[in-house]
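>>> take a look and give me a structure for this.
(2 chains)
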Amino acid sequence: MNGHAEEKSGKEAVIEVLGLEMSYGSFVLMRDLTFTIGRGDIFIIMGGSGCGKSTLLKHLVGLKRPAKGQIVYDGVSYWDAEPEEQERLKRRFGTLFQSGALWSSMTLAENVAMPLEQYTSLPPGQIRELVSYKLALVGLGGFEEFYPSEISGGMKKRAGLARAMALDPDLLFFDEPSAGLDPISARLLDDLIIELSESLGTTVVVVTHELASIFAIGTNSVFLDPDVKTMTANGDPKRLLKEAPNPKVVNFLTRGEGARQR
Amino acid sequence: MIPSELKIESAPDGALLLTMAGDWKLGNAIPSPEGIIAGGAGKMVRLAFETGKLQGWDSGLLIFLANLFATCRRDGIDVDQSGLPTGVRKLMALASPENQRSGVTHGGSRPPFLERVAEAAFDQIKGFKEMLSFVGEATLAFMKMLRGKADFRRLDLMITIQETGAQALPIVCLISLLVGMILAFVAAIQLKMFGAQIYVADVVGIGVVRVMGAIMTGIIMSGRTGAAFAAQIGTMQVNEEIDALETLGFSPVEFLVLPRMLALMMMMPLLCVFADLMGVLGGMIVGVGMLDLGIIEYVRESRHALSLTQFLIGLFHSFVFGILVAVSGCLRGIQCERSASAVGYAATSAVVTGIVSIVVATAIITLSCQVLGI
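Next up is the predicted model:
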């Protein structure tokens, strides 16, 4: 590959992306994406606006079929698997969408409870307790009976996170989690992500361009460059800052200061 | 506003000095860059500015400069920006071509006619395939429901039943009453000529009960409920709510389409019964009020004209229409793209698809009944 700073972590691979090509119709967005996400990693997908970060996330959660290449979870290639296997894999995912994507016809409690009711056989009382706990975890204790239209954008996002965590997934995907949050909430969210990863061993994949978050939480990352339509760096963001061969990556990680230094 | 002034001086070494004064703002007369370049004598190699007397400027000056710079770049003329105000220089640097993303194209030139025809044809085929696969998925979901294995919230079903049943009743009744009256009016004018006013009851009874009641209910529900389904599901598509369902392993067809389809399948025949009743009542109002028929006489003639078969054919129509309205509404909602105008388009196209399919289905059912002799 064209000069990637390749990260060889000793961790066991949870997700392997092999030669992925993403496209909309005949328009190729990114090609030759090959990287590995290790167990317990906090993996950052970074790159400028509109370079295909969210699209890559949609591929990783099985919403979009790759034009070419494979996405392998614990040795199982998602798009070659039987539908039952795909369903089983999906239950291991928790996804937080950019806007929260709460189901607007249900209260916050019903939103969080839905995956629990569907996939567990817990008694209703226990589900209620779990729902309250998950909502409290994201600072929304007491908002159980509110509808999504009655709360702010940042709160929707946090409620979306509570729903994503409902089934204690071992793979959590975040699409720009801190966009639209105030600095303190963003910091709390970062802490929560680190906590989830450290105490539960959850593997977290985050799409973001908040530098503070990237350095605070990221243990591995990939950088997408729309000009060459592929990834140009892969590794721990803190290490990339020091030794990435590609000036664009350094530029990104230093808010454009890198070019002046070099 | 002070008018803009421009003085062009050319030096013998090929440099051109532009001295600007006054207000260079939008709305003031601003010269064209070609004129300036052409105005210089001999071969030009350099362009410089003098803006000491420039009073005020806005985007008017900036677009003038952008055009001028583009012309210079094309003709290989150096531009010395040092004479421009600092703010202007910074803004020009931000919008300079070097700062834009390279290789951006949007569609490019218009493709040739044949290519456009082929593309439109492929779009149609794709749309048809999508429709088929959606109908297939909906059928599978329905089968799954019959086996008691489908995932949807009972509460959603109840709410949809309320919305498509009780809440639709007043408008269905009103329209059917009026349709019954209109039919009676039109029939009365013809039948009166033969002194056969009493047969208004037959015309209205058979017309409404056998087909018109169901069709009017179908069209009302398509405009009222089909559009609502498309808009609801389309908005969910825009808000990524459908993606959220899919990533959690819920089937959007089972979860969103099934309760809506079930509700309409159950409610449409019920609404149709009310529509039949109101249509006959409308005919009776005209018959009794205008044609001097007696109430008993009218009811007896209606009973004589109608049979259970005709009533059941009407109900069968409405059952089919229920499925068609629900499927076209949900299909357009699921196909919706991610913008506000796409939701509007989905709602409109749900109504069109719904009404067209209702009329086509009526034709097929009527023809089949004819062939079967019922």
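
>>> name the residues that touch stretch A:41-55?
Stretch A:41-55 is touched from outside by A:9, A:11, A:14, A:22, A:29-30, A:37, A:56-57, A:64, A:98, A:175-176, A:193-194, A:197, A:203-209, A:214, A:217-226, A:237, A:252, with contacts defined as C-beta atoms under 8 Å, 6 or more residues apart in numbering or on different chains. (Glycine included, C-beta is placed from N, CA and C.)

>>> ugh, wrong one, I meant stretch A:144-153
With contact meaning C-beta under 8 Å, 6+ apart, stretch A:144-153 is reached by A:99-100, A:102-104, A:106-109, A:111, A:131-132, A:135, A:143, A:156, A:159, A:180.

>>> so what secondary structure elements neighbour the helix or strand hosting A:Leu240?
Counting by DSSP states H and E, the element that carries A:Leu240 is helix A:237-243. Helix A:237-243 sits against helix A:211-217, strand A:220-225, helix A:247-253, with contacts defined as 3 or more C-beta pairs under 8 Å, 6 or more residues apart in numbering or on different chains; DSSP states H and E.

>>> need the three-state assignment for B:Phe250.
Look at B:Phe250: counting by DSSP: H, G, I helix; E, B strand; the rest coil, its state is coil.

>>> next, it: phi, psi?
When quoted as degrees, to the nearest 10, the phi and psi of B:Phe250 stand at phi -90, psi 140.

>>> neighbours of the closest residue to chain B within the stretch 101-250 of chain A, how many?
The stretch 101-250 of chain A approaches chain B most closely through A:Ala101 (3.8 Å), counting by C-beta to the nearest C-beta. Residues lying near A:Ala101 (other C-beta atoms under 10 Å in any protein chain shown) number 26.

>>> that one against B:Asn239, yeah?
Yes. Between A:Ala101 and B:Asn239 there is a contact at 5.9 Å, judged by C-beta atoms under 8 Å.

>>> partners of the top strand by length along chain B, with directions?
Longest strand in chain B, counting residues (DSSP state E): strand B:46-57. If you go by DSSP bridges, strand B:46-57 pairs up with strand B:15-24 (parallel), strand B:78-80 (parallel).

>>> name the residues that touch it?
So strand B:46-57 is contacted by B:1-2, B:5, B:13-25, B:68, B:72, B:77-85, B:88 (C-beta under 8 Å, 6+ apart).

>>> going through these, which ones are buried?
B:15-25, B:68, B:72, B:77, B:79, B:83-84, B:88 (16 or more other C-beta atoms under 10 Å in any protein chain shown).

>>> could you list the residues in contact with the lowest-mean-pLDDT helix or strand in chain B?
Within chain B, no helix or strand scores below helix B:33-39, which has a mean of 73 by mean pLDDT, DSSP states H and E. Contacts to helix B:33-39, defined as C-beta under 8 Å, 6+ apart, come from residues B:6, B:8, B:16, B:18, B:44, B:64, B:67-68, B:70-72, B:75, B:77.

>>> strands - which of these land there?
Going by DSSP E, the strands hold B:Leu6, B:Ile8, B:Leu16, B:Leu18 from the contacts of helix B:33-39.

>>> of those, which is the nearest to chain A?
B:Leu18 (32.0 Å).

>>> can you name the residues bridging to that closest one?
B:Ile8, B:Phe49.

>>> before we move on, back to that, and the ones in strands among the contacts of helix B:33-39, which two are furthest apart?
Distance extremes for these: the farthest pair is B:Leu6 and B:Leu16 at 11.5 Å, using C-beta to C-beta.

>>> now the end-to-end length of stretch A:195-215.
Stretch A:195-215 stretches 16 Å from its first residue to its last (C-alpha to C-alpha, to the nearest Å).

>>> which positions within stretch A:113-128 qualify as buried?
By neighbour count on 16+ other C-beta under 10 Å, the buried set for stretch A:113-128 is A:Ala113, A:Met114, A:Pro115, A:Leu116, A:Glu117, A:Ile127.

>>> what's the closest of those to A:Thr232?
A:Pro115 (36.8 Å).

>>> ramachandran coordinates for the closest residue to A:Lys64 other than its chain neighbours?
Excluding its sequence neighbours, the residue lying closest to A:Lys64 (C-beta to C-beta, 6 or more residues apart in numbering or on different chains) is A:Lys58, at 4.4 Å. The phi/psi pair for A:Lys58 (degrees, to the nearest 10) reads phi -60, psi -30.

>>> and A:Lys58, what pLDDT?
We have a pLDDT of 90 for A:Lys58.

>>> interface residues of chain B facing chain A?
Residues of chain B found near chain A (C-beta under 8 Å from any C-beta of the partner chain) are B:101-103, B:151, B:156, B:159, B:235-236, B:239-241, B:243-250.

>>> give me the neighbour count for A:Ser23.
Counted with other C-beta under 10 Å, A:Ser23 comes out at 16.

>>> no, scratch that, I was asking about B:Ala263
Counted with other C-beta under 10 Å, residues neighbouring B:Ala263 total 24.

>>> repeat that for A:Leu56.
24.

>>> I'd say it and A:Met22 touch.
Yes. Assessed by C-beta under 8 Å, A:Leu56 is found in contact with A:Met22 at 6.6 Å.

>>> what's the overlap in contacts for those two?
With C-beta under 8 Å, 6+ apart as the test, A:Leu56 and A:Met22 both reach A:Met30, A:Leu33.

>>> kindly reformat the contacts of helix B:33-39 as a markdown table containing pLDDT.
A markdown table is the format used below for these (pLDDT from 0 to 100):
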| residue | pLDDT |
| --- | --- |
| B:Leu6 | 83 |
| B:Ile8 | 82 |
| B:Leu16 | 83 |
| B:Leu18 | 86 |
| B:Met44 | 76 |
| B:Phe64 | 86 |
| B:Asn67 | 87 |
| B:Leu68 | 86 |
| B:Ala70 | 86 |
| B:Thr71 | 84 |
| B:Cys72 | 85 |
| B:Asp75 | 81 |
| B:Ile77 | 84 |
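
>>> which residues does A:Ser77 contact?
Counting by C-beta under 8 Å, 6+ apart, A:Ser77 has contacts A:Gln70, A:Ile71.

>>> now residue 130: closest residue in space that isn't a chain neighbour?
Since you didn't name a chain, this refers to chain A. A:Leu130 sits nearest to A:Leu116 (C-beta to C-beta, 6+ apart), 6.3 Å away.

>>> switch to chain B, please.
Closest to B:Glu130 by C-beta to C-beta, 6+ apart is B:Gln335, at 6.4 Å.

>>> quick one: that neighbour from chain A, how far?
To chain A, B:Gln335 is 16 Å away according to C-beta to the nearest C-beta, to the nearest Å.

>>> wasn't A:Phe95 part of a strand?
No Phe there; residue A:95 is Thr. Yes. Secondary structure assignment places A:Thr95 in a strand (three-state DSSP).

>>> my guess is it contacts A:Val61, does it?
Yes. Counting by C-beta under 8 Å, A:Thr95 sits close enough to A:Val61 to count as a contact (5.2 Å).

>>> give me the common contacts of those two.
Residues touching both A:Thr95 and A:Val61 (C-beta under 8 Å, 6+ apart) are A:Phe173, B:Thr247.

>>> compare those two (neighbour count), which wins?
Each of A:Thr95 and A:Val61 has its neighbours counted (other C-beta under 10 Å); A:Thr95 has more, 29 against 22.

>>> mind checking which of the contacts of stretch A:144-153 land in helices?
A:Leu108, A:Ala109, A:Asn111, A:Val131, A:Ser132, A:Leu135, A:Lys156, A:Ala159 (DSSP state H).

>>> farthest-separated two in those?
A:Ser132 and A:Lys156 (18.0 Å).

>>> what about these two, which has more around it?
A:Lys156 (23 against 18).

>>> so who does that one touch?
Contacts were defined as C-beta under 8 Å, 6+ apart; by that measure A:Lys156 touches A:Ser99, A:Gly100, A:Leu102, A:Pro148.

>>> over to A:Met155?
A:Met155 makes contacts with A:Leu140, A:Phe143, as judged by C-beta under 8 Å, 6+ apart.

>>> just say helix, strand or coil for A:Arg31.
Per three-state DSSP, A:Arg31 ends up strand.

>>> burial measure for it, as a count.
Should you count by other C-beta under 10 Å, A:Arg31 turns out to have 17 residues around it.
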